[in-house]
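J.: test case, fold it:
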Amino acid sequence: MIKVTDIAYVRFRAPDLDEMEKFLLEFGLHRAERRADKLFMRGTDPLPFAHVTELGEPGFAGLGFYAESVADLERLGREFGLPVEESDAPGGGRIVRFTDPNGFPVDVVAGQTAPEAIALKRRLVHNDGGDRPRRGVPLRVEPGPSQVKRLGHCVINVKDFRESEAWYKERFGLVTSDEIEIAPGAPIGAFLRCDRGATHVDHHTLFPVGTGTPGFNHAAFEVANFDDLMAGHQVLEKSGRRHEWGVGRHILGSQIFDYWRDPWGHTVEHWTDGDLFNNETPPNVVGIDKLMGNQWGPEAPPSMGS
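T.: Modelled structure (predicted):
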């Protein structure tokens, strides 16, 4: 087992890379590299890519995590009898390829060359009731797509929650933030985060949900701030994109959220202002009402998660 440091990317298949790129640009990603049969998109953070589209029939094609080092990657390969290969994706580096119990391809990568960060245009200073640091300067939100920084988490529907939970924890060192029960003693899923010891990390990196049928649920991308999220909402709305749920604030993880569908129906989320946990935060068990509820905003539609 190793302890992965973060989620790296999600992968999809689509029959039209032009149409996918058009949507993702409106969503707030940037082109990292375009090939005849693949599209790599990145955020503003200095990371090679966060979203991959392979030419083909529409569908979810897997996800990837970052290992802390090539040495960790080699140890992982030895432990599970898998080769450590050279990666031909942007940033290069090395890669170990798994298949999880649901048939999802799962990569672990290390040793990549990091690109330069893309400068944020909306670096806004906000005043609130308790702290008013912006003085003598009006706040102006520049129009345009959200500024996606990075991929934050992925939610997958799995055939057996406990089986999938054990598989990811035993290989990648993930730990539980919140476990979800549909009834007392009947768990259906858990928000799992990276274990970075005393370093604070996102409330969750992966959420396997025991629906009984494997499938993609959604992928969530962090944006710069709330104004940035709302500016992007306006762009996607004016483009006639399919809105799924939001804007609101989750209970578990506390993120402000806004969900959209790509041209082939995959759900992708903008989020900002989420909780950060470390090894001093104990695991929690909550009911499913906390999963689908929110602190403010509209109720989740029946189609959410499908």
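
J.: which helices and strands does the worst-scoring helix or strand of the chain on mean pLDDT pack with?
T.: The least trusted helix or strand in the chain, going by mean pLDDT, DSSP states H and E, turns out to be helix 288-292, with a mean of 91. Judged by 3 or more Cβ pairs under 8 Å, 6 or more residues apart in numbering; DSSP states H and E, helix 288-292 is in contact with strand 175-183. Every C-beta, even on glycine, is put in place using the N, C-alpha and C of the backbone.

J.: one step back: please identify the buried residues of the least confident helix or strand of the chain?
T.: Neighbour counts over helix 288-292 (16 or more other Cβ atoms under 10 Å) mark L291 as buried.

J.: put the alpha carbons of that helix into CSV.
T.: What follows is helix 288-292, C-alpha atoms only, in CSV (Å, rounded to 0.1, in the frame of the first residue of the first chain):
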residue,chain,number,x,y,z
ILE,A,288,-28.5,9.5,3.8
ASP,A,289,-30.5,12.7,4.4
LYS,A,290,-27.2,14.5,5.0
LEU,A,291,-25.9,13.2,1.6
MET,A,292,-28.7,14.5,-0.5
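
J.: state the next helix or strand along the chain beyond that helix.
T.: Downstream of helix 288-292, the first helix or strand assigned by DSSP states H and E is strand 294-296.

J.: I'd like the distance from that following strand to the chain centre, please.
T.: Between the mean C-alpha location of strand 294-296 and the chain-wide mean there is a distance of 20 Å, by Cα atoms, centre = their mean, to the nearest Å.

J.: report the buried residues of it.
T.: N294.

J.: ok, back up a step: so what touches the least confident helix or strand of the chain?
T.: Where contact means Cβ atoms under 8 Å, 6 or more residues apart in numbering, the residues beyond helix 288-292 that reach it are D178, I180, E181, I182, I188, G189, I251, L252, A300, M304.

J.: repeat the analysis, applying 7 Å as the threshold.
T.: Contacts of helix 288-292 with the rest of the structure, by Cβ atoms under 7 Å, 6 or more residues apart in numbering, involve I180, E181, I182, I188, I251, L252, A300.

J.: kindly report the same for stretch 125-141.
T.: Contacts made with stretch 125-141 from outside it, assessed by Cβ under 7 Å, 6+ apart, are listed as R122, L124, D227, A231.

J.: where neighbours are concerned, which of those residues has the most?
T.: By neighbour count, taken as other Cβ atoms under 10 Å, the most surrounded of the contacts of stretch 125-141 turns out to be A231 (22 neighbours).

J.: since that was my last question, I'll sign off now.
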